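In: give me coordinates for this.
(chains A, B, C and D)
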Protein chains: 2
Amino acid sequence: MSDSKINIDRLFHALGDPTRRAMLDRLSQGPVSVSALAAPLGITLTAVAQHLQILEECGLARTEKLGRVRTCRIESAGFNALEQWIRNHRTLWERRLDRLGAFLAEEDEA
Amino acid sequence: MSDSKINIDRLFHALGDPTRRAMLDRLSQGPVSVSALAAPLGITLTAVAQHLQILEECGLARTEKLGRVRTCRIESAGFNALEQWIRNHRTLWERRLDRLGAFLAEEDEA
DNA sequence: AAAATACTGAAGTATTCACTTGACTATTTC
DNA sequence: GAAATAGTCAAGTGAATACTTCAGTATTTT
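Out: Next up is the predicted model:
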């Protein structure tokens, strides 16, 4: 999954779910099997597999099956895409917020 | 809306919708009325008002009604909360991704 | 005062979402 | 080779989501 192919809609949607964020936190400590990932979550294996697919689709995770075990890891592409989006928008927004701040300061003076 | 009260679930969810992101882009150029905000979007005023409420709820926008016109602006709280989340997680994830990189490099050597 | 403007509120609808169940397929382990 | 393990597939369910329409309610404008 290359950084540029990532759909920002799906990326934000993926990160909007607490279960998926919990999965990412777990993955940030090292690779795990699907079962190990599911264990603390209190939902079925199937549900976890579905979440995993969503995380893979937007470059937040990567999995690989060896024998009967699928190993899951975090991937940087999604995270990079998010940071890219923020960089692109911060400039735009900050400029506006600065102008807003200046405007309010002027109002206070008057 | 103070930065700390923002629900990260709702924040990501809010940003996951392209219409809402378009609204934010418009707002980053300056304050507008609800009608002006709705005009280029091709959806009803009602729908825009609903999106606005979501943006307000997670500190991405702020509105104020004077007479019959409601004026909308971007707010920094939501954006700050997003950056905070990223800062908190980048450290965690990067550490992992670094270890992953090192591991793969070792594998290449072997 | 009448007409136009700028929303607001309540209710409905189609789609998507998170999740489940239950049957199934590979792969190990014993 | 039988039993356990690890995951997969297809189908279904209830709740949430992004809309819509239609009937208001304030405010301006003329």
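In: would you map the helices across chain A?
Out: Shown for chain A, the helices assigned by DSSP state H span residues A:8-15, A:18-27, A:34-38, A:45-57, A:76-109.
In: against B:L37, how distant is the spatially most central residue of chain A?
Out: Central residue check for chain A by Cα atoms, centre = their mean: the C-alpha nearest the mean position is that of A:L15, 4.4 Å away. When Cβ to Cβ, to the nearest Å is the yardstick, A:L15 and B:L37 sit 25 Å from each other. All C-beta spots, glycine's among them, are computed from the backbone N, C-alpha and C.
In: and the closest residue to DNA strand C within chain A, how many residues sit next to it?
Out: When you check chain A against DNA strand C by Cβ to the nearest atom of the strand, the closest residue turns out to be A:G67, at 1.5 Å. Neighbouring residues of A:G67 were enumerated by other Cβ atoms under 10 Å in any protein chain shown; the total is 5.
In: what's the answer for A:H51, then?
Out: For A:H51, the tally of surrounding residues (other Cβ under 10 Å) stands at 22.
In: before we move on, what about A:P18?
Out: When neighbours are counted by other Cβ under 10 Å, A:P18 registers 11.
In: excluding sequence neighbours, find me the nearest residue to it.
Out: In this structure, A:P18 finds its nearest non-sequential neighbour in B:D9, 5.9 Å apart by Cβ to Cβ, 6 or more residues apart in numbering or on different chains.
In: the residue nearest to the centre of chain A against A:A81, yeah?
Out: No. Counting by Cβ atoms under 8 Å, A:L15 stays clear of A:A81, with 10.9 Å between them.
In: so which bits of chain A are right by chain B?
Out: A:8-13, A:15-18, A:21, A:24-25, A:27-30, A:73-74, A:76, A:79, A:82-83, A:86, A:89-90, A:92-93, A:95-97, A:99-100 (Cβ under 8 Å from any Cβ of the partner chain).
In: now the buried members of the residues you listed.
Out: A:8, A:10-13, A:15-17, A:21, A:24, A:27-28, A:73-74, A:76, A:79, A:82, A:89, A:93, A:96-97, A:100 (16 or more other Cβ atoms under 10 Å in any protein chain shown).
In: of these, list those near DNA strand D.
Out: Subset of those in contact with DNA strand D: empty, counting by Cβ under 7 Å from any atom of the strand.
In: what's the local residue count around A:S35?
Out: Other residues within reach of A:S35 by the criterion other Cβ under 10 Å amount to 11.
In: tell me the contacts of it?
Out: Each residue near A:S35 by Cβ atoms under 8 Å, 6 or more residues apart in numbering or on different chains is listed here: A:L45.
In: can you tell me the closest non-neighbouring residue to A:A81?
Out: Among residues not flanking A:A81 along the chain, A:I6 sits closest, at 4.2 Å (Cβ to Cβ, 6+ apart).
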